[in-house]
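> Compute the structure for the input listed below.
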Amino acid sequence: MKIPAKFSVLSEMLNPQSLTQVTGSTIPIESFTKEILETGFSGNLIERLSLKQNDKEIGALILKQNETQTSWFAKSTHDDLGREVRFAQSELWEHLPESIDSPILATVLWPDNASAILMRDEGSAIFSASKCYEIAENDTELLRFIVNALADMHATFWNSPLLEQVPWFTSTADSLLYLTLPHLTAAGTDAESIEYGAAAMRMWNRIWGMLNPETAQIIQHTIANPEKLLADIESLPHTLIHGDIWLANLGIRGEKLLILDWALVAKGPALYDPMWLAQTWRAADPQETAEIYRAALVKRGVTDAQDDTMWALMMDCSIVRSLFTSAEWLAREVVGASTDEEERVALAHIRYWMARAAEIIAARGW
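Numbers count the residues shown, from 1 in each chain. Now for the predicted structure:
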């Protein structure tokens, strides 16, 4: 994939000549107006730029700005180097396979590592978060499309030397624990804030009362003492992972998989991506997803995927990681239930999944 245009300051990227150039517009862009959009998960400032000539709108772009020194997400994942922009400006970006697309057109990285990203406004090409709760007739077809594109990416970078010595990758520990209470607390998230991180902290403080004491104790101990789990994760084959593959970060453009938000990009176990998709999308059964994905890797020549012992360990690591990351959201469903029946179902859901994580942890000695 072509590396996006680089600018040293925001004003340079947003001047009419630059906008005309990076968009490839055949009509010169003369001006634009800004509209602040609802902030996403990480709390970045996101704006829609309506591009104009003679006061007539001729297109739209999305501008995302990230303050690494103040963002709870940047602090929780120790992103003090402007990770997403560093990735988009790196050699790794150029090696992304043809089946993967990105809307990023241009980037800015300031000396303090705050950053800005200018993107195409993909509109309806991006899946809505609400689709995570839908089950449609074509879901299996869509699941295969997404999983096959992920397999293309993972096979391209499987144990690649290009991944070594990259200082801005999300660490193994942060990929695993960034949404757990200790990481959120260390990030200094204000408990009174309306930010996602603050809400996640409040949910973790309620989770333990939703679980049986044995399950809660096992989960708490591993989060506080993750060394054995981290060592097993480090022992696995690694590849380039996105780290936050769920429908709201995905879309389709032509025959390519659009991927947004690379803020958790890392060197890690390949199953992290498809298992997070399966955990967040009700139509995607985790076991079926893993089977489709494994076959796709084997088809692409990844012989490691045929090793049953390795695959079982990668599955267990990925399931536990997905549950550490989704626990606070599962708790939200309990707290936000509007009827007794909804609360009963939500409680059963979080208890089942956290018990499964505890079973894996106990069996593996983590």
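> show me the contacts for the residue lying farthest from the centre of the chain.
Distance to the chain centre peaks in the chain at N54, reaching 39.2 Å (criterion: C-alpha atoms, centre = their mean). For N54, the contacting residues are E30, by C-beta atoms under 8 Å, 6 or more residues apart in numbering. Yep, even glycine has a C-beta here, placed from its N, CA and C like the rest.
> how near is it to T26?
15 Å (C-beta to C-beta, to the nearest Å).
> all strands for this structure, in order.
Per DSSP state E, the chain carries strands over the ranges 5-7, 31-36, 45-53, 56-66, 100-101, 104-109, 115-120, 239-241, 250-253, 256-259, 266-268.
> Strand 56-66 and the third one, what's the angle between them?
By that I understand strand 45-53. Inter-element angle recorded for strand 45-53 and strand 56-66: 160 degrees (by axes from the mean of the first three to the mean of the last three C-alpha atoms, to 10 degrees).
> Need the residues that contact strand 45-53.
14, 19, 23, 25, 27-40, 57-65, 67, 121.
> cutoff 10 Å now
The contact list for strand 45-53, computed with C-beta atoms under 10 Å, 6 or more residues apart in numbering, reads 14, 16, 19-20, 23, 25, 27-40, 57-67, 71, 116-119, 121.
> Report the strands that pair with that strand, each with its relative direction.
strand 31-36 (antiparallel), strand 56-66 (antiparallel) (DSSP bridges).
> buried set for the shortest one?
If I follow you right, that is strand 31-36. Judged by neighbour count (16 or more other C-beta atoms under 10 Å), strand 31-36 contains these buried residues: F32.
> How far off centre is it?
Here the centre of strand 31-36 is set off from its chain's centre by 27 Å, with C-alpha atoms, centre = their mean, to the nearest Å.
> how about that strand as CSV, C-alpha atoms only?
This file holds the C-alpha atoms of strand 31-36, laid out as CSV (Å, rounded to 0.1, in the frame of the first residue of the first chain):
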residue,chain,number,x,y,z
SER,A,31,-12.1,25.9,1.2
PHE,A,32,-13.8,23.6,3.7
THR,A,33,-16.0,23.7,6.8
LYS,A,34,-15.5,21.6,9.9
GLU,A,35,-18.1,19.6,11.9
ILE,A,36,-17.0,17.8,15.1
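> Using a markdown table, please lay out the strands of the chain together with distance to T180 and mean pLDDT.
As requested, the strands of the chain are exported to a markdown table (distance: least, C-beta to C-beta, whole Å; pLDDT from 0 to 100):
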| stretch | distance to T180 | mean pLDDT |
| --- | --- | --- |
| strand 5-7 | 35 | 97 |
| strand 31-36 | 31 | 96 |
| strand 45-53 | 26 | 95 |
| strand 56-66 | 22 | 95 |
| strand 100-101 | 29 | 98 |
| strand 104-109 | 29 | 98 |
| strand 115-120 | 26 | 97 |
| strand 239-241 | 19 | 98 |
| strand 250-253 | 25 | 97 |
| strand 256-259 | 25 | 98 |
| strand 266-268 | 16 | 98 |
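> okay, which residue is most central for the protein?
Centre-nearest of the chain using C-alpha atoms, centre = their mean is D244, 1.6 Å out.
> And that one, how far from H221?
Counting by C-beta to C-beta, the gap from D244 to H221 is 26 Å.
> related to what we said a few turns ago, Serialize the strands paired with strand 45-53 to TSV and add fields for distance to E359.
Shown next, in TSV, are the strands paired with strand 45-53 (distance: least, C-beta to C-beta, whole Å):
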stretch	distance to E359
strand 31-36	45
strand 56-66	38
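> pLDDT weak spots in the chain?
39-40, 189-194 (pLDDT under 70).
> how is it carved up into domains?
5-123, 125-364 (automatic domain parsing).
> will you turn the strands of the chain into CSV that also has distance to L229?
Formatted as CSV, these follow (distance: least, C-beta to C-beta, whole Å):
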stretch, distance to L229
strand 5-7, 38
strand 31-36, 40
strand 45-53, 34
strand 56-66, 29
strand 100-101, 29
strand 104-109, 33
strand 115-120, 31
strand 239-241, 17
strand 250-253, 28
strand 256-259, 27
strand 266-268, 13
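> right, so of these, which gets closest to H78?
strand 266-268 (11.6 Å; C-beta to C-beta).
> Could you check how far that closest one is from the centre of its chain?
Relative to the chain's own centre, strand 266-268 is displaced by 12 Å; criterion: C-alpha atoms, centre = their mean.
> what's that strand in contact with?
77, 83, 87, 92, 157, 159-160, 162-164, 166, 168-172, 174-176, 233-234, 236-243, 272, 317-318, 321.
> One more pass at 6 Å, please.
Contacting residues not belonging to strand 266-268 are listed as L163, F169, T170, S175, H238, I241, G243 [C-beta atoms under 6 Å, 6 or more residues apart in numbering].
> pretty sure W168 is in contact with V85, am I right?
No - here W168 does not reach V85: they are 9.2 Å apart, not a contact under C-beta atoms under 6 Å.
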